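Student: Sequence unavailable; structure follows:
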């Protein structure tokens, strides 16, 4: 089985337009996803979460809406079974993530589950954004005792809008913007930080933090593993005069144990009339995922 995972920040959730939302989610439905990680779910908690249920109906999936309608997760109920939610996302969030533990149903009832999360890091404050990225790493630090009595660290898959840049190093990755070429002065602040030498640098710190914690950028991984696949590291937002050049700020991260299941990563461009972000698509090999989840490696719990 080929598992399709989509990550998309739909601008302002369609801007309050039912038609715009419907067209956008028809686009998602046409891609036959099994897991969708959404951001900017504004207004979806109104009227008894009517908009969320509208989305469930269009996609034929089950949905969970995060605090403050910032993010959401939708799953194919025939593929992923919810095990638990994580409503306590930590104290730092301006736009809180949605996080679940799910079981990959084809792997069987005794397989280890995995943690999935949809996130949206802070837009305006690089300081707060860094703290949020550090809190994200807690989803890669969950444990469960299996039927054999052994303790295992759960695999984790996190996707969202980082509002920051990946660490440079791949030949096909969009280049880091140059600070003084960003015309919008507030945006210079929003996307940079002051380094130890007192100079302002473009913000790649969330990416470095996540990868330090063992969460790998799947696009970076696949571009390297496939011999330089340009589609994996394509832009997820278009360049513009005020905000700088093309950038890859929407990313999916996975713990290293999930990487052998990666079959493909690419970016599906959508018209700017629909959203200011494109769709990141990750394809996993279901058979390999089953092997990973049914043969987990035992872990030692950290000291309290």
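Tutor: Ah, there it is. Every value quoted in this text rests on a predicted model; they were computed, and no experiment measured them. Residues are numbered from 1 along each chain as shown.

Student: Could you pull out the buried residues of stretch 109-124?
Tutor: 111-122 (16 or more other C-beta atoms under 10 Å). For the C-beta atoms, the positions are set from N, CA and C on the backbone; glycine is no exception.

Student: Mind listing residues that contact stretch 138-146?
Tutor: For stretch 138-146, the external contacting residues (C-beta atoms under 8 Å, 6 or more residues apart in numbering) are 86, 90, 99, 101, 110, 112-113, 115, 117, 151-154, 156, 158, 213-215, 255, 296, 299, 301-302.

Student: Who does the closest residue in space to residue 277 that isn't next to it in sequence form a beta bridge with?
Tutor: The shortest distance from residue 277 to any non-neighbouring residue, by C-beta to C-beta, 6 or more residues apart in numbering, is to residue 9 (4.1 Å). Counting by DSSP bridges, residue 9 is bridged to residue 39.

Student: so where is the chain shaky, pLDDT-wise?
Tutor: 297-304 (pLDDT under 70).

Student: Off-centre distance for stretch 14-21?
Tutor: 22 Å (C-alpha atoms, centre = their mean, to the nearest Å).

Student: can you give me the end-to-end distance of it?
Tutor: 5 Å (C-alpha to C-alpha, to the nearest Å).

Student: As a check, name the ranges of all strands in the stretch 51-200 of the chain.
Tutor: Taking DSSP state E, counting those that start in this stretch as the criterion, the stretch 51-200 of the chain contains strands spanning 62-65, 71-75, 80-85, 98-104, 114-120, 143-145, 151-153, 156-161, 192-194, 200-202.

Student: Which other helices and strands does the fourth one contact?
Tutor: For strand 98-104, the elements it packs on are strand 62-65, strand 71-75, strand 80-85, strand 114-120, helix 286-294, judged by 3 or more C-beta pairs under 8 Å, 6 or more residues apart in numbering; DSSP states H and E.

Student: TSV please, covering these and showing distance to residue 33.
Tutor: What follows is the helices and strands packed on strand 98-104, written out as TSV (distance: least, C-beta to C-beta, whole Å):
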stretch	distance to residue 33
strand 62-65	12
strand 71-75	8
strand 80-85	11
strand 114-120	13
helix 286-294	14
